[in-house]
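>>> Fold the following.
(chains A, B, C and D)
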There are 2 protein chains.
Amino acid sequence: MRLAQLSERSGVSAATIKYYLREGLLPPGRQVNATTAEYDEEHLRRLRLVRAMIQVGRIPVATVREVLGHVDDDSLGRTIRVGAALWALPQVPEPDEDDAYVRAAHREADALLDTLGWENARQLTTISPAYRRLVVALAAFRRLGYDWDAELLVTRARLMHQAAVADLDFLETQPSEEEKVEAAVASAVLVEPMLQALHRLAQEEESARRYGFE
Amino acid sequence: MRLAQLSERSGVSAATIKYYLREGLLPPGRQVNATTAEYDEEHLRRLRLVRAMIQVGRIPVATVREVLGHVDDDSLGRTIRVGAALWALPQVPEPDEDDAYVRAAHREADALLDTLGWENARQLTTISPAYRRLVVALAAFRRLGYDWDAELLVTRARLMHQAAVADLDFLETQPSEEEKVEAAVASAVLVEPMLQALHRLAQEEESARRYGFE
DNA sequence: ATGTTTGGATAGTGGCACTTACCAAGGAGG
DNA sequence: CCTCCTTGGTAAGTGCCACTATCCAAACAT
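Predicted structure coming up:
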């Protein structure tokens, strides 16, 4: 398959594919001669993953490169590879540790993990980007003056844990190691927008049930 | 309060506040004379909301302006205002209706809503941005070649519905109409990153439980 | 032999979220 | 009164990012 065909089958413009090649998001094709390169189904698959990450997941190009680097690093075991890939994903503004709201959010998040008995996550609080993202969101909420009891947070966390269990069960159904790693990335990138859409739809549904359309 | 103090109390640079004023994200202060304006607590509150939307929620400035326009439009009833504000939020790439994956995703999404009995949401499929977001994510998944049974989707939707019920219950606790509308926006913008962080943390926890840290 | 297609390199584009530099009008101190 | 600093407002500039347009020479197609 030549670049033009890759473009046609993926719906991505040739110029953009060249850009991705340059940026290292796609491995180079098999060079036939100075002006021709051959691409295969694997390239098409990778290109679709890249597009999904960038367009649906809104991941910056530099981050996509980093994530794919981990995905392809077969010197590592699967768990590590998945972990490394997922940890490269989040686009987290660093919480400002001097801010009182941020410090309070840290305490709240730690208490939450203790209540849930998430002992593994508890050990990751200094390094996990997801933990930092949680802290940033909690701090922003408090800064706006909203208050709620801890139970609300626990309930939501339990819901998300159920979702995570379903995700990992789904991962297990993937046949090969390669595919498991890739599916983990696709899950993180695509399941989250999906959950968000379902959440928003559910709000619309529930809101209409309670208050009608008016 | 003068602009400099507003800047100090919010942690937002004076130049950025001037930018927000220019862009209409903040109402102008009470003009004292040609070179002095007075701002109040309401401005500070609004500024914090704007910051949360932009930094935590990653909402583009133009969208924030539109959302706040709906929030402040007191010619409308609450439900409508909330709806309008939330519908302005999502940054959805329009699904390409000519794409076979997109059409299949439409069918899948419709079937899901039928199964769930979300009759209100079912009526909104032509207009709801959340529905379109769901379709885009489903199509991307299928395009990557992943398959799952419909039950998985239903389970996730039920989880998000529970979360949505909790959200609306929380909204009810807000004392005034004004605050309910604002809280709805803050919820949409901040709860979703929070859920996402909890989801990722839950995945890390569950993954460590199953496979250890290695 | 000639026109077209190829992949690759370079530079440019448009959008966005700020930031910088500047300005005239006020007010404060002498 | 005069000088000097501060104020809010405006216009232009910055840096980043995801492309995209333009060239180019080598290779194929006829």
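>>> Residue numbers of chain A in contact with DNA strand C?
Where chain A comes near DNA strand C, counting by Cβ under 7 Å from any atom of the strand, the residues are A:2-4, A:14-15, A:18, A:21-22, A:28-29, A:31, A:35-37. Just so you know, the C-beta spots here come from the backbone N, C-alpha and C atoms, and that holds for glycine as well.
>>> 10 Å - rerun?
Residues of chain A lying close to DNA strand C (Cβ under 10 Å from any atom of the strand) are A:1-8, A:14-15, A:17-19, A:21-22, A:26, A:28-39.
>>> Compute the inter-axis angle for the longest helix seen in chain A and helix B:150-172.
As assigned by DSSP state H, the longest helix anywhere in chain A is helix A:150-172. Here the directions of helix A:150-172 and helix B:150-172 differ by 170 degrees (axes from the mean of the first three to the mean of the last three Cα atoms, to 10 degrees).
>>> Quick check: which ranges of chain A have low pLDDT?
For chain A, the stretches with pLDDT under 70 are A:213-214.
>>> what residues does it put near DNA strand D?
Within chain A, the positions near DNA strand D by Cβ under 10 Å from any atom of the strand are A:12-20, A:22-23, A:25, A:32-36, A:50-51, A:53-55, A:58-65, A:91.
>>> re the thing from before, the residues of chain A next to DNA strand C in strands, which ones?
Using DSSP state E, A:30-33, A:36-38 are the members of the residues of chain A next to DNA strand C that sit in strands.
>>> Contacts only, for A:I17.
A:3, A:6-7, A:10, A:26, A:47 (Cβ atoms under 8 Å, 6 or more residues apart in numbering or on different chains).
>>> how does it look with 10 Å?
A:I17 makes contact with A:3-4, A:6-7, A:10, A:25-26, A:39, A:43, A:47, A:50, according to Cβ atoms under 10 Å, 6 or more residues apart in numbering or on different chains.
>>> what does A:W148 give?
A:141-142, B:166, B:170, B:173.
>>> ok, now with 8 Å
B:F170.
>>> ok, now how distant is the nearest residue to A:V56 once chain neighbours are set aside from DNA strand C?
Nearest non-adjacent residue to A:V56, counting by Cβ to Cβ, 6 or more residues apart in numbering or on different chains: B:A140, 4.8 Å away. In this view, B:A140 and DNA strand C are 23 Å apart by Cβ to the nearest atom of the strand, to the nearest Å.
>>> now swap in A:A139 and tell me
Distance, A:A139 to DNA strand C, by Cβ to the nearest atom of the strand: 17 Å.
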